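Undergrad: Pasting a predicted model and its sequence here:
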Amino acid sequence: MTMLEVEALSVSYGRIQAVNGISFKVAQGDLVSLIGANGAGKTTLLKAVMGALLADAGAVSLAGVDLGRTPVEERVRRGMYLVPEKRSLFNSMTVQENLELGTYANRAKLNFAQELKRIYALFPILEERKAQLAGTLSGGQQQMVAIGRALIARPKVLLLDEPSIGLAPLIVQQIMNVIVEHKRQEGLTVVLVEQNARLALRVADRAYLIELGRIVKQGTGPELAGDPQLSAIYLGSASATRESANASTAV
Amino acid sequence: MVMNSMNTERVKAPSARRVDPQRLVLGAVGALVVVLLLAASTYYVGLVAVLGVHAIVVIGLGFLMASGQISLGHAAFVGLGAYGSALLSMRLGMPVLLAIPCAVLLCTLVGYVLAKLTLQLKGHYLPLATLAYGMAITVCFVAAVDITGGASGLTDVRPLSVFGHAFSTRATATVIWVIVALLLIGYARIYRGRVGRVARALRSNSVMVGAFGVHVPATRTRIFVLSAALAGLAGALYACYMQFLSPSTFSLIPSVSFLIMAVLGGVAGPLGAVLGAAFFMLIELAAQHVIARVLELPGQVETMVFGVLLITMLLKWPDGLLSLIPTQERKPPLPDAGTPAQAEPSRRAPAALAAHNVTKKFGGLTALSDVSVAIPGGAITGLIGPNGAGKSTLFNVLTHVFEATSGSVTLNGQPLPKTSQDVVKQGVARTFQHVQLVQELNVLQNVLIGGYSRGRAGLFSAAFGLDRAEEAALSDEALVALKRVGLLDVAYTRVSDLPLGSQRLIEVARALLARPSVLLLDEPAAGLRAPEKERLGRLLQSLRDESGMTILLVEHDMELVMNCADYIFVLNFGMLLAQGRPDEIQRHPGVINAYLGAET
Amino acid sequence: MDSSTAIFLGLDGITNGAVYALVALSLVLVYTTTRVVNVAQGDFLTFGALAFASLAAGTLTPLLYVVLGIGAVCLVIDLRRARAYKRSLLAPLVRYLAAAIILCALVFAASHSHSMPLQMLAALLLVAAMGPLVYQLTVEPNPGASIVVLLTCSVGVTLILQPLGLLLWGTESLTVNPISDARVSLGPADLAVQSLLILSAAVVMTLALFVFFRHSLYGKALRAASINREGALYCGVPVGTVGRLSYFIAAGMSALGGMLLAPLVTAHYEMGFIVGIKGFVGAVTGGLVTYPLSLVGVFLVGIFESFSAFFSSAFRDAWVFALVIPILLWRNAYHGDELDEH
């Protein structure tokens, strides 16, 4: 079943057309990666899907229901959660308070204590630091809080905006493993926006290459990863040869 | 020393507009003032005089606000200058021409004391403090009845006079406007000059300017004291003109009015002060005539109009009237493309930066533990490690943003100077993880900030035009640096119009202007696309090869580091895990486990 | 000075300080939820007192018309936004109409009855209603502005509200009956019960606000909206309405302060200004972020005032203002890192 559908979405920022008629569908339980360079329009797209930006044209549907111009708080209540690029944590509040606020939209339906345990099981280091102020954590730990804050509410759709920025490869791997595992167990639908194409393609069920606000290529993760043209543009020309050599032995 | 070599050909830049609109407006205002001073009735002369007094205050206040500070109590300084000058001439018999500078001196001293006390306050505490002392001083004007005449005012204040001849009101008004004109010229030069550039940066990038040799508290204090002195001068002139002083003229409401004038006019240049003061006065007059006489509404409505005006301006045109008038800055023509790239002394002696047994603790947390790294001179060195490994901390210790808890840092065997201002003078320059460019300035001006530590022109040198030679030399050097990074053709573009890759290159150009022998780059690849990373890598390699520069790269991005570094240090958990050539590091099992994971 | 004078001055100081407390608490509430340093907070105190006085005197306070007028403007703005977002136009219309009807009914009833609780309630709600309107017009257009800009905007607001008070009520002072005329002996001091009522209101509100914002999810959500607006938005916190609600409560609290204070000093158009400044000093002691410290701060201000009035009166206010600076320096030194550098 299609969990999220984006139809011919167009969003402009002043005079700049940041997103130009993008359409894609995400089936329930799938992870879709949107890759592309800085400024391709990926973050704008996510914000428009979330309702934080007003689209000029097109529609977004969640579980078959057209969201129209529903406000952000309503979309959150219906189970759509965005982890923004800047993480946007409440730095002067503790880790636990940050997680607690993740339950705000659906507080009536959730058992906070139980959900908190679940998140601590996913990210044990957060339990160690639960009384620490979020602003004092390292980059990777902050990203865990941001993702935990979204996952605690049992979202239907998780939108991740460049989770790997500024983080060491190992931490990113850890976090992505948690997400992929969670997705498998809970049937979570994920839309991952990433500049790090290598990472994004490895975990994707389906991937879309976005350039200047349009989808220019689509396919499964391995399909796109093996495309030498893609490698040249986004992974660096030096790696192009390496990547196409690895493509046949892709992980 | 003029940097550009003799064989550059200067291309004449095509001028799109013949006349600068701002100059036009300035000329119009000037002409109007002259006409009114010469020909109009006393009533209008009075208005012009008061306008001039306001303009003097707001010129200083505007620059203060451009540097990111605010004063909600500036009328108190005006009052100090007014009462000071009046009392000195009346009670002590001082000639007025002497009393005025003494009053200005008084304001300078009071301003200095208050600045030292309060400029350390962060965030919204500073405006609150200015509000507090502004009101305290005003209360004193009223309470010290014996000295100041209290609420009923001080009468018979002596006017300006020279050799016993008192100036007429018209003459005094002219004197006021001559001073305004001089201040406009002076401040226009200040804004363009060495301190003016970093002043604008103080608003949003105070850490960055510190790294290029700016002593932030001292600079802020200087700008504040100057604005207090100007306010005092305005007050003293006002006293000579009105020959009557009442404390209410220097209370909270006038302080707020000055703020409104500054906001109305805009603080991007001294012309804004004149525009703001003039506009404010026009509205006041319109309010009085229209609201009071025509509509017959009570005077309070006038204040309400100002309130609405202030809010509207803040919400819709926060940069004031000045931003509505386009400006054509003087743009010296760019050197011809044929200029040889090398205009600076070539290969310097390779400088080696080293950390010796550095430990850094933040309270109970040990960020670095006995780390020793010797960064080879004339090579590109990478510093990598997982998040939280201590790379940023080590970087900041190497540039003396932090002081190590124990251990030392040496440059060519000598201990590194104590402050970041001195560090940059020793030839160590850096870039920043989050690009720190000043949005209000164009590319060239941003690059010029890098040369701050090598210049000497202060506020007064700039105001009196004594910095021309220094500025010209620095400008040429900045253009050469831009050419080096390949951005010469966007020298006059606003930095916000350029992509992130170009902005990072501008940061490198800026660092080059400090004539560094060591260049430190903090995650320069973050957010860059592959072609941009390659360009950066090639630039770094050319700097190493052509100028013998020592380069340290702190990075997460393996591509950039592995492709251009000659040597790599790996940190983990605050300790040195491994060091060696890139291919060695890539094969090192400890590093692979800790950091690279399953990737190559 | 003997000990009984000192105790007298001390108690006098505390009861005076309590008067500033409600304004101080309002300032903290507004700041922690919207990052606005609301210089105009004292004006809500003035309006509360004067509106109450009008109603008690049996007149239909003209403030009602002003509120309705501005309310209409805000309604138009909300309707236009609803249309731009293609949402129901009915919802805002119903909300505004309901509020208008309730206010009119209450004010009408209050001016015709002799029930003091009804009059207080009507005046309170009328002034509280001004809060969200002010927020909508001056902060909502640019909620992410720097603190200094927001502060300057609030200066603009007080430039509008203060003269408005003068326009609506003139310069004379209006007398207001206290809730209780009784007095009570506390050691060497003879205190009005009204003062004790103010004191208890201050303490109760401090506790309530403290508990609400520290320990309830709703309170945390309100704080979160000002700490990181984007983060709160994506948690589903209605960041748009948070500010309006905060201003509503803050205006209401200040209005209540005005109504309780008026019997002691008579109601006139300038009363809010001075109380506002002193409440400010108290709130600043808590760095504008904590309720309990703000309460301590206003007590300190009150005590300081009492003692310095005892010694010399002309420069008293100057000392109180100057007091702000060492307090700010102290807070800056120990809590400077809490300040955001937006």
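TA: Everything's here; your move. Here the structure is a predicted model, which means the values were calculated and not measured.

Undergrad: Please make it C-alpha for all contacts and neighbour counts, starting now.
TA: Will do.

Undergrad: Does the closest residue to chain A within the stretch 201-342 of chain C belong to a helix, a strand or coil?
TA: Nearest residue of the stretch 201-342 of chain C to chain A: C:Gly236, at 4.0 Å (Cα to the nearest Cα). Here C:Gly236 is recorded as coil under DSSP: H, G, I helix; E, B strand; the rest coil.

Undergrad: Would you state the predicted confidence (pLDDT) at residue 130?
TA: Using chain A here. pLDDT recorded at A:Lys130 is 89.

Undergrad: other chain: chain C
TA: Reading off the confidence values, C:Met130 has pLDDT 95.

Undergrad: Next secondary structure after the helix or strand where it lies?
TA: Element membership for C:Met130 (DSSP states H and E) is helix C:116-138. Where DSSP H and E defines the elements, the next helix or strand beyond helix C:116-138 is helix C:147-169.

Undergrad: Say whether chain B is contacted by that next one.
TA: Yes. In terms of Cα under 8 Å from any Cα of the partner chain, part of helix C:147-169 sits within range of chain B, namely C:147-149, C:153, C:155-161, C:163-164, C:166-167.

Undergrad: can you check stretch C:288-301 too?
TA: No. Stretch C:288-301 lies out of reach of chain B by Cα under 8 Å from any Cα, never closer than 9.7 Å.

Undergrad: Determine how far that stretch lies from the middle of the whole chain.
TA: The chain centre lies 14 Å from the centre of stretch C:288-301; the measure is Cα atoms, centre = their mean, to the nearest Å.

Undergrad: So what touches it?
TA: Stretch C:288-301 is contacted by residues C:13-18, C:20-21, C:24-25, C:27-29, C:31-32, C:202-203, C:206-207, C:209-210, C:278-279, C:281-286, C:320 when judged by Cα atoms under 8 Å, 6 or more residues apart in numbering or on different chains.

Undergrad: then that stretch to PDB, C-alphas only?
TA: The C-alpha trace of stretch C:288-301 is given here as PDB (Å, rounded to 0.1, in the frame of the first residue of the first chain):
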ATOM      1  CA  LEU C 288      14.200  36.800  33.000                       C
ATOM      2  CA  VAL C 289      14.100  33.000  33.000                       C
ATOM      3  CA  THR C 290      13.100  31.800  36.400                       C
ATOM      4  CA  TYR C 291      10.100  32.500  38.400                       C
ATOM      5  CA  PRO C 292      11.200  31.900  42.000                       C
ATOM      6  CA  LEU C 293      14.300  34.100  41.600                       C
ATOM      7  CA  SER C 294      12.200  36.800  40.100                       C
ATOM      8  CA  LEU C 295      10.100  36.800  43.200                       C
ATOM      9  CA  VAL C 296      13.200  37.100  45.300                       C
ATOM     10  CA  GLY C 297      14.300  39.900  43.000                       C
ATOM     11  CA  VAL C 298      11.200  42.000  43.500                       C
ATOM     12  CA  PHE C 299      11.400  41.500  47.200                       C
ATOM     13  CA  LEU C 300      14.900  42.800  47.100                       C
ATOM     14  CA  VAL C 301      13.800  45.800  45.100                       C
END
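
Undergrad: related to what we said a few turns ago, contacting residues for the closest residue to the residue of the stretch 201-342 of chain C closest to chain A other than its chain neighbours?
TA: Distances taken as Cα to Cα, 6 or more residues apart in numbering or on different chains place A:Glu73 nearest to C:Gly236, at 4.0 Å, with adjacent residues excluded. Residues near A:Glu73 by Cα under 8 Å, 6+ apart: A:Ala105, C:Leu233, C:Tyr234, C:Cys235, C:Gly236, C:Val237, C:Pro238.

Undergrad: How about the secondary structure of A:Glu73?
TA: helix.

Undergrad: show me what contacts the residue of the stretch 1-150 of chain C at minimum distance from chain A?
TA: Relative to chain A, the nearest point of the stretch 1-150 of chain C is C:Tyr85 (5.7 Å; Cα to the nearest Cα). C:Tyr85 makes contacts with A:Arg69, as judged by Cα under 8 Å, 6+ apart.

Undergrad: Roughly how far does it sit from A:Gly64?
TA: Plainly put, C:Tyr85 is 21 Å away from A:Gly64 if you go by Cα to Cα, to the nearest Å.

Undergrad: angle of the helix holding C:Met130 against helix C:147-169?
TA: 130 degrees (axes from the mean of the first three to the mean of the last three Cα atoms, to 10 degrees).

Undergrad: in helix C:116-138, what's buried?
TA: Using 16 or more other Cα atoms under 10 Å in any protein chain shown as the test for burial, helix C:116-138 gives C:116, C:118-138.

Undergrad: where does chain B dip in pLDDT?
TA: B:1-18, B:123, B:291-299, B:328-350, B:363-364, B:386-388, B:527, B:592-600 (pLDDT under 70).

Undergrad: Just the strands from it, written as ranges.
TA: B:154-155, B:161-162, B:165-166, B:244-245, B:353-362, B:365-375, B:380-384, B:406-411, B:414-415, B:428-430, B:518-522, B:550-554, B:567-572, B:575-580 (DSSP state E).

Undergrad: do the stretch 1-150 of chain A as well
TA: All strands of the stretch 1-150 of chain A, identified by DSSP state E, counting those that start in this stretch, fall at A:2-13, A:16-27, A:31-35, A:57-62, A:65-66, A:80-83.

Undergrad: who touches the fifth one?
TA: Residues external to strand A:65-66 that are found in contact with it (Cα under 8 Å, 6+ apart): A:Ala59, A:Val60.

Undergrad: Could you give the average pLDDT over that strand?
TA: Strand A:65-66 carries an average pLDDT of 90.

Undergrad: Surely the residue of the stretch 201-342 of chain C closest to chain A touches A:Met80?
TA: No. Applying Cα atoms under 8 Å as the test, C:Gly236 and A:Met80 come out as separate, 9.8 Å apart.

Undergrad: any idea how far the residue of the stretch 1-150 of chain A found nearest chain C is from C:Leu233?
TA: With Cα to the nearest Cα as the measure, A:Glu73 is the residue of the stretch 1-150 of chain A nearest to chain C, at 4.0 Å. Counting by Cα to Cα, the gap from A:Glu73 to C:Leu233 is 7 Å.

Undergrad: now swap in C:Ser115 and tell me
TA: In terms of Cα to Cα, C:Ser115 sits 44 Å off from C:Leu233.

Undergrad: These two - which one has more neighbours?
TA: Neighbours per residue, other Cα atoms under 10 Å in any protein chain shown: of C:Ser115 and C:Leu233, the larger number sits with C:Leu233, 22 against 12.

Undergrad: Return the residues of the stretch 201-350 of chain B in contact with chain C.
TA: Contact residues, the stretch 201-350 of chain B versus chain C (Cα under 8 Å from any Cα): B:256, B:298, B:300-301, B:303-311, B:314-315.

Undergrad: among those, which are in helices?
TA: Using DSSP state H, the members of these that fall in helices are B:256, B:300-301, B:303-311, B:314-315.

Undergrad: Any of those buried? List them.
TA: With neighbours counted using 16+ other Cα under 10 Å, these contain these buried positions: B:256, B:300-301, B:303-311, B:314-315.
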